[in-house]
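Asks: Sequence plus predicted model, see below.
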Amino acid sequence: MSFKHILLIPAALLCFTVIASAQSTNIPLGTYAYPVLQRLEIKSGQLAPQFSTGIRPYTRKSAADFVWDLDSASKSEQTDSIRYMHPYWHGLNLSKVDQYNMGKILEDNPEWVPDSAGFVPGKHPLWNTFYTNKANLITVNKKDFFLVVNPLLDLQAGKESADNQFDYLTTRGAEIHGLIANKIGFYTSLTENQERPPYFVQNWINQWHAVPGIGYYKTLKNGEVDYINASGYISFGVTKYINVQFGYGNNFIGDGYRSLLLSDYSPNYLFLKLHTHIWKLDYTNIFAQLTSQSTNQGDYLRPQKYMTINDLSFNAVPWLSVGIMEAITYSRANHFEFAYLDPIIFNGFVQQALGSPDKDHIGFHAKAIVAHHFEFYGQFLIDEFKIKDFLSNNGWWGNKWAMQVGGKYVDAFSVKNLDLQAELNVIRPYTYTHDDSVSNYSNYNQPLADPFGANLVEVDGIINYQPVNRLYLNARIMVSQQGLDDSTSDWGGNIFINYNKRQQEYNNRILQGLHNNIVNFSLTASYELAHNLYVDLSYLKRKNWGGYPEYWNLPNENTGFFSLGLRWNMGRRDYDY
């Protein structure tokens, strides 16, 4: 059967919306709300009861409910009742900046704020149509119909030390989201983009035949590219506890800066997602159609492949969450493997029952909140594993695993709204690869996990500081070491190579091959001129050395990049690799 028959699934589920509860669209990934919500959860001292921060994107309703409860707990007249429901909130200490950020989230999601408190009138509405609501260009709030329309804009210009030309980014578009009868949510966005990125990104595009996070593009001149980016989905409920989304977008599993399980680094893809939130459990099922790797550019039908992910998170105690996930990626001749549609079965068993032709792995993740200031998190992925070879430390190639450990510290050193994060990622050689190179863990020539692939050690450090309401300061450093291949050998860093071409059976070690080093450091200052309208000033310093660049056509780079930009209703496009 063709993958298009999956369209019958959401169509059938729509029949249940007559008795469904209210459903919400998502907060777009990469926007300001994510670090704010994660910070507020840590300050609350317990896991957010409305949603799991380890599954992104978050729904607008769950975010608004969480912020509304926190806001109520901070007000004396409602403190006793709210804190009785959430006893860990006794240590709640919100700053004025926190209150400002919470107000922004409520204003951006007014349809889910009680008593219409999120509908803040615009100061200067135009023709009684535009900006009647402070946060949105157009707001329609009628019985059984809610609609928001906003422009999307990102204009960046910069100068790089590696060459004599100016780099730039121009993004123009719009997004629409809304509700029908408070039961069906819908979202769509479309942007048209031209970009001349820094020199190292141009090299990346030439090497992998894709724009990072985008995929298909057209080449212009002097390293310039042109591309369209779009997403869209519908959302509805089957019961009070189960939400269904179908459309085109991205997903992220984990609490870190990177994810070794599923990241949003690759381009958008077609997906069907079921999310169950009940008791202490969050259970997510993702069925997706991906694009296989290709070295050819131009207009033609790219080969497709498919992915099934099941992820279960359990709030063991109010401050500790643990979870397990499994992922299957595979290729079929233009059809989805319906054996993987069962949402409550161990797909590793199904994969073996089919003859073990596909790529599968299991992951574990955990998060703990400590003392209203700290969060510790981690992931461990098992791609393939033999205990005997692991204990013997013989370097068997098939012991493929990845590990992440990290921590966050909010209001660091008693400085309000100073937040720190540190993270370590370690990935064994040949992790995410497969004997069928099409079934590797990737989408459109880009990894579905860490952007560098495998055979690496990466350390990330992040500082976020918001000293006043409208000023956002960020510093980030990424230090990566990776073992690359030479022109004749596969040492396990390139996930797109069939692992049967591996260099050796045993004595495989992390960072084997040609040792490559990257340091990527950035400073960004953003000031909010008006609601969700930012001016950005940033500096990026990147150094890449080692790795025998003559084999990869990647020159040793020691480049600095200044940029100034204007951004409206969008997250920043960062070059963090």
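Replies: Sure, I can see it. What you are looking at is a predicted structure, and each value in this text was computed from that prediction instead of being measured.

Asks: the helices in the stretch 1-150 of the chain, which residues?
Replies: Using DSSP state H, counting those that start in this stretch, the helices found in the stretch 1-150 of the chain span residues 8-13, 33-44, 60-73, 79-85, 96-108.

Asks: Any buried residues in the last one, and which?
Replies: Which is helix 96-108. Neighbour-count burial for helix 96-108, counted by 16 or more other Cβ atoms under 10 Å, picks out 97, 98, 100, 101, 102, 103, 104, 105, 106, 107, 108. Every C-beta, even on glycine, is put in place using the N, C-alpha and C of the backbone.

Asks: Show me the two of those residues that sit farthest apart.
Replies: With distances taken as Cβ to Cβ, the most widely separated pair in those is 97 and 108, at 16.6 Å.

Asks: Give me the secondary structure label for residue 382.
Replies: strand (DSSP: H, G, I helix; E, B strand; the rest coil).

Asks: Correct me if wrong: it contacts residue 390.
Replies: No - judged on Cβ atoms under 8 Å, residue 382 makes no contact with residue 390 at a distance of 10.5 Å.

Asks: If you count surrounding residues, which of the two has more?
Replies: The neighbour comparison of residue 382 against residue 390 (other Cβ atoms under 10 Å) goes to residue 382, with 15 against 12.

Asks: quick one: contacts for the more buried one?
Replies: Neighbouring residues of residue 382 by Cβ atoms under 8 Å, 6 or more residues apart in numbering: 361, 362, 363, 400, 401.

Asks: Next step: those restricted to strands.
Replies: When DSSP state E defines the strands, the subset of the contacts of residue 382 inside them is 361, 362, 363, 400, 401.

Asks: Reformat these as JSON lines; add pLDDT, distance to residue 254 and neighbour count.
Replies: Listed next are the ones in strands among the contacts of residue 382 as JSON lines, based on pLDDT from 0 to 100; distance: Cβ to Cβ, whole Å; neighbours: other Cβ atoms under 10 Å:
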{"residue": "361", "pLDDT": "93", "distance to residue 254": "14", "neighbour count": "24"}
{"residue": "362", "pLDDT": "95", "distance to residue 254": "15", "neighbour count": "17"}
{"residue": "363", "pLDDT": "97", "distance to residue 254": "9", "neighbour count": "26"}
{"residue": "400", "pLDDT": "96", "distance to residue 254": "19", "neighbour count": "23"}
{"residue": "401", "pLDDT": "97", "distance to residue 254": "16", "neighbour count": "18"}
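
Asks: Using TSV, lay out these together with distance to residue 267.
Replies: Shown next, in TSV, are these (distance: Cβ to Cβ, whole Å):
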residue	distance to residue 267
361	21
362	25
363	22
400	25
401	26
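
Asks: Return the closest of those with respect to residue 534.
Replies: Distance to residue 534, by Cβ to Cβ, is smallest for residue 363 among these, at 34.8 Å.

Asks: roughly how far apart are residue 222 and residue 106?
Replies: As judged by Cβ to Cβ, to the nearest Å, residue 222 and residue 106 stand 45 Å apart.

Asks: cool, and residue 276?
Replies: Using Cβ to Cβ, residue 276 is found at 26 Å from residue 106.

Asks: same deal with residue 558?
Replies: When distance is defined by Cβ to Cβ, residue 558 is 46 Å away from residue 106.

Asks: pLDDT value on residue 7, please?
Replies: You'll see residue 7 listed with a pLDDT of 49.

Asks: oh sorry, the question was meant for residue 77
Replies: The model's pLDDT for residue 77 equals 47.

Asks: Quick one: residues contacting the spatially closest residue to residue 210 that is not a sequence neighbour.
Replies: Among residues not flanking residue 210 along the chain, residue 445 sits closest, at 4.3 Å (Cβ to Cβ, 6 or more residues apart in numbering). By Cβ under 8 Å, 6+ apart, the contact set of residue 445 is 208, 209, 210, 215, 293, 294, 496.

Asks: Columns distance to residue 540 and neighbour count on top of the residues you listed, output as JSON lines?
Replies: Listed next are the contacts of residue 445 as JSON lines, based on distance: Cβ to Cβ, whole Å; neighbours: other Cβ atoms under 10 Å:
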{"residue": "208", "distance to residue 540": "20", "neighbour count": "17"}
{"residue": "209", "distance to residue 540": "24", "neighbour count": "16"}
{"residue": "210", "distance to residue 540": "21", "neighbour count": "23"}
{"residue": "215", "distance to residue 540": "23", "neighbour count": "20"}
{"residue": "293", "distance to residue 540": "28", "neighbour count": "21"}
{"residue": "294", "distance to residue 540": "30", "neighbour count": "13"}
{"residue": "496", "distance to residue 540": "27", "neighbour count": "19"}
